[in-house]
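In: after the sequence you'll find the predicted model.
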Amino acid sequence: MRSRRIAPFLAVSAVATLVPALAPATASAASSPMKQYLQQKPEWHRCDSETPASYQCATIKVPLDYGRPDGKKSDLAISRIKTSATDERHGVLLLNPGGPGGAGLSMPLAMASELPKSVKRQYDLVGFDPRGVGQSSPVSCGLTDKEADWQRPYKRNTFKKDVSWARTVAKKCRAKGGDKLGHLTTRNTARDMDLIRSVLGEKKISYLGYSYGTYLGAVYTQMFPQRADRFVLDSAVDPGRVWRGMIQVWAEGAEPAFTRWSEWTAQRAATYKLGDTPQEVRKTFWNLVAQADRKPIELDGRRLTGDDIRAGRAMFFTVREAAEQVVELKKAAAGKQPAPTRTPRATGRPAPPSFGRAVPSDNSAASFWSVVCGDTRSWPRDPEQYRRDAVRDKARYPLYGDFASNIKPCAFWANGSEPATKVDNKVGALILQNEWDSQTPLSSGLGLHRALKGSRMVTVDEGEGHGIYGTKSCADKSATTYLTTGKLPAKDVTCQASAGQAQDARRLPVPTPPGIPGMHGRF
């Protein structure tokens, strides 16, 4: 876990579907070109000598291009912890931590200590590294750390350099990734999920996906509606805004969060001394930004510019933490010694296991851009449009608007293998959403709810944090009931956040994708 004080300031997420929904091996499937994949028998083994024997791993093969299953193959690393209550077993619960670019192989191990016993008794917990990620034939663009840093505010005198950066990233990815990149899409990952289902011998799969994992799950319900059992989609991506719109929503959501924070902090002026009114609190913050623009402020060994501070917009969604961080920044700006870094509470979660395959240092960045750029063909191609949008959005959303709308490598990316999926179905699903979620704001959850017409939504009023289920939230009961009985709430539910929920949300044991400075602010 990062230092709670400094982390938010560091500027450093028409190929056919599978043959009859990848039905389990039958006479029909056996005669198809998918036979070699459908009839695989995973060779399960202990994942790591340091992890429990019950935590097993295997590698299966998937087609790089599902339209040409006899062509190139790709590895897909999968894992599981089987239920010991075989008489109560309902099936498998597939897990995804988000991303794109988030490795999910350790998810069963991480979530085993967080999920209720009633859920673990009914399901085998199944994780996987999505194609191109981690142990699943990891992709690389050969990016340097500087090239992987994508937090770039718009400035007139640096825009040409930003355009050059975006073009360079796209060019390097194209040169190193070759024909693989075009197939690293959400649609193909959904196909991989259905192949996992088939290889495990399941007629249907249940699913728990966080953040980007909600979009992946929604795409699966669109492509394989008859194979989707109980789907919990936690902290939701709006499928109507992938992907540029989902980056821009960070800026849109930050402004009301900043207003809420300034009001909350002003009410506690005696504690934080940042201002007696919301206007004074806001002035204190923007004065610090201006001071850092003139001369960087040193905090915990880092020299922070005003842009670095603005890039920490996610902190304002958690009001107490943001107030504490701005207090420390104010002390540092005045030349005072900051308070010692806090030692995070022990969570009791197991350390992430290590595996045999070496993962490129830029794998998280490369896989992120591959999906975000390749999923949709709606990215503008004209750099001038990015310039205009960044100028407009900096005025609309001063905290982060220019970061969100500035040019991205997707402007120069080759199209993916097929168009994006339009999510519009009546498959049952449960959406969980905090009101104050920094990465997938409430409007995003409502967007997914509209697209999934058979869904129900549980909104945590005043809920803070990104990720809900497993944090002792008031939404947990609805999710557990749905997973164990299959019964969705009769109608949408709004429940009240508890005092300690925000802290618990930051302790959610979902693996954090490494490798990209500032990418704690993705999906």
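Out: Cool, the structure landed. Numbers count the residues shown, from 1 in each chain.
In: helices along the stretch 201-350 of the chain, start to end?
Out: Ranges of helices in the stretch 201-350 of the chain, per DSSP state H, counting those that start in this stretch, are 212-223, 244-266, 269-272, 278-294, 306-310, 319-333.
In: adding distance to residue 44 and mean pLDDT, write those helices out as JSON lines.
Out: Every C-beta, even on glycine, is put in place using the N, C-alpha and C of the backbone. Rendered in JSON lines, the data for the helices of the stretch 201-350 of the chain read as follows (distance: least, C-beta to C-beta, whole Å; pLDDT from 0 to 100):
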{"stretch": "helix 212-223", "distance to residue 44": "24", "mean pLDDT": "98"}
{"stretch": "helix 244-266", "distance to residue 44": "36", "mean pLDDT": "98"}
{"stretch": "helix 269-272", "distance to residue 44": "53", "mean pLDDT": "98"}
{"stretch": "helix 278-294", "distance to residue 44": "53", "mean pLDDT": "98"}
{"stretch": "helix 306-310", "distance to residue 44": "46", "mean pLDDT": "97"}
{"stretch": "helix 319-333", "distance to residue 44": "42", "mean pLDDT": "97"}
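In: could you export those helices as JSON lines, including distance to residue 417 and mean neighbour count?
Out: Below are these laid out as JSON lines (distance: least, C-beta to C-beta, whole Å; neighbours: other C-beta atoms under 10 Å):
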{"stretch": "helix 212-223", "distance to residue 417": "14", "mean neighbour count": "29"}
{"stretch": "helix 244-266", "distance to residue 417": "19", "mean neighbour count": "21"}
{"stretch": "helix 269-272", "distance to residue 417": "52", "mean neighbour count": "13"}
{"stretch": "helix 278-294", "distance to residue 417": "43", "mean neighbour count": "17"}
{"stretch": "helix 306-310", "distance to residue 417": "36", "mean neighbour count": "22"}
{"stretch": "helix 319-333", "distance to residue 417": "42", "mean neighbour count": "20"}
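In: okay, the ones you listed in a markdown table with distance to residue 196 next?
Out: Supplementary listing: these in a markdown table, determined by distance: least, C-beta to C-beta, whole Å:
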| stretch | distance to residue 196 |
| --- | --- |
| helix 212-223 | 11 |
| helix 244-266 | 26 |
| helix 269-272 | 49 |
| helix 278-294 | 47 |
| helix 306-310 | 41 |
| helix 319-333 | 37 |
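In: hey, where'd the strands end up in the stretch 401-523 of the chain?
Out: 429-436, 455-464, 493-496 (DSSP state E, counting those that start in this stretch).
In: before we move on, the earlier item: nearest to residue 154, out of the helices of the stretch 201-350 of the chain?
Out: Evaluated with C-beta to C-beta, the helices of the stretch 201-350 of the chain place helix 306-310 nearest to residue 154, the distance being 10.0 Å.
In: list the contacts of that closest one.
Out: Applying C-beta atoms under 8 Å, 6 or more residues apart in numbering, the contact partners of helix 306-310 are 9-11, 153, 288-293, 296-297, 302, 329, 398-400, 403.
In: nearest approach to residue 237 belongs to which of the helices of the stretch 201-350 of the chain?
Out: Closest among the helices of the stretch 201-350 of the chain, once you apply C-beta to C-beta, is helix 212-223, at 4.0 Å.
In: how far does that closest one sit from the chain's center?
Out: Relative to its chain's centre, helix 212-223 lies at 13 Å (C-alpha atoms, centre = their mean, to the nearest Å).
In: then stretch 196-214?
Out: With C-alpha atoms, centre = their mean, you get 17 Å for stretch 196-214.
In: got it, and stretch 357-370?
Out: 15 Å.
In: how close does residue 214 get to residue 247?
Out: Distance from residue 214 to residue 247, counting by C-beta to C-beta, to the nearest Å: 16 Å.
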